[in-house]
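Enquirer: from the sequence below, what's the structure:
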Amino acid sequence: MLVIGVRPGEVVRISRRATGTIIEKDGRDGQKIRSLRFTAYGKRRYLTLGAVSAAQAERELQQILTDVEQGSWRAPHELASRRRSSPTGFRALAEEWWSATTPTIAPATQRGYRWRLDRHLLPYFADLRLEEITSEAIERYIAGKLSEPQPLSAGSINTTVTLLGAVLESAVERALIARNPVRPRRPRLPEAKPERNHLESAAQIEVLLQAASELDHAAAPAPVTSSVWRCSPR
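Expert: Down below sits the predicted model:
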């Protein structure tokens, strides 16, 4: 934040956009080792990513810069100190989140959340450390769900990922992880929309009504006729 004096007693605060660069070095095995250099909270920072692709490094840099501008970025050593006294696995975090959230939601919502946790999220993420739940890990989870013999619908998979994001957001708030891999909002699976038939003209509506009238007429029961038997007096 840059503070510029305008008049005595007045200041204008101008936010500086966070910037950074990607540094590449050749590794011993010929792979590119990529690192990030950026400024956060008045200090120059350096973060080694390892043998990741250029696209992955760019995504990581942009996410870090966004976190810095929002004030939510934490240095790895700060996160490590928090983790020593806090749960580092997804199972422990999910159960703590569940205990804190349950009193605030309706019973029907509780059942839905619990089913998504027990049936879908915990079987896949329970044994992972929080820092291992990356965007790539979430993509693998989605791919696994789609390949199941009886896969969930796209909408149902999206709701499980949304719940995963809610749980991980509590880790961000407690500085257990630097950012939530589900946010900013990842692209959702496209959901099938029901097809709807539209009548485009008055003529089509008239034809439809005429056809319905003919069907009603054909289905109507035949009129009942009564026979009167007359007896002649003997």
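
Enquirer: can you confirm residue 48 is in a helix?
Expert: No - per DSSP: H, G, I helix; E, B strand; the rest coil, residue 48 lies outside any helix segment and is strand.

Enquirer: got a list of what it touches?
Expert: Residue 48 makes contact with 33, 35, according to C-beta atoms under 8 Å, 6 or more residues apart in numbering. C-beta: built from backbone N, CA, C; applies to glycine.

Enquirer: could you break the protein into its assigned domains?
Expert: As given by automatic domain parsing, the domain ranges for the chain are 10-73, 80-173.

Enquirer: lowest-confidence stretch among the ones you listed?
Expert: Of all the domains of the chain, mean pLDDT reaches its minimum on domain 10-73 (a mean of 80).

Enquirer: can you list contacts of stretch 121-131?
Expert: When contacts are defined by C-beta under 8 Å, 6+ apart, stretch 121-131 is touched by residues 83, 88-91, 93-94, 133, 137, 141, 144, 160, 163-164, 167-168, 171, 176-177.

Enquirer: filter the residues you listed down to just the ones in helices.
Expert: Among those, the members found in helices (DSSP state H) are 83, 90-91, 93-94, 137, 141, 144, 160, 163-164, 167-168, 171.

Enquirer: and those residues, which are buried?
Expert: Neighbour-count burial (16 or more other C-beta atoms under 10 Å) applied to the ones in helices among the contacts of stretch 121-131 gives 83, 90, 93, 94, 141, 160, 163, 164, 167, 168, 171.

Enquirer: of the residues you listed, which pair is most distant in space?
Expert: Spatial extent of these (C-beta to C-beta) is set by the pair 83 and 160 at 25.3 Å.

Enquirer: so which residues of this protein form helices?
Expert: With DSSP H as the criterion, the chain has helices spanning 54-70, 76-83, 90-101, 107-116, 122-125, 135-146, 154-173, 202-219.

Enquirer: separation between residue 48 and residue 56?
Expert: 13 Å (C-beta to C-beta, to the nearest Å).

Enquirer: just to revisit the earlier point, can you convert the buried ones among the ones in helices among the contacts of stretch 121-131 into CSV and add a column each for distance to residue 31?
Expert: Conversion of those to CSV gives the following (distance: C-beta to C-beta, whole Å):
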residue, distance to residue 31
83, 29
90, 30
93, 33
94, 35
141, 27
160, 34
163, 36
164, 31
167, 34
168, 30
171, 31
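
Enquirer: and the ones in helices among the contacts of stretch 121-131 as CSV, adding distance to residue 42?
Expert: What follows is the ones in helices among the contacts of stretch 121-131, written out as CSV (distance: C-beta to C-beta, whole Å):
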residue, distance to residue 42
83, 25
90, 34
91, 38
93, 31
94, 36
137, 33
141, 38
144, 43
160, 40
163, 37
164, 34
167, 33
168, 28
171, 26
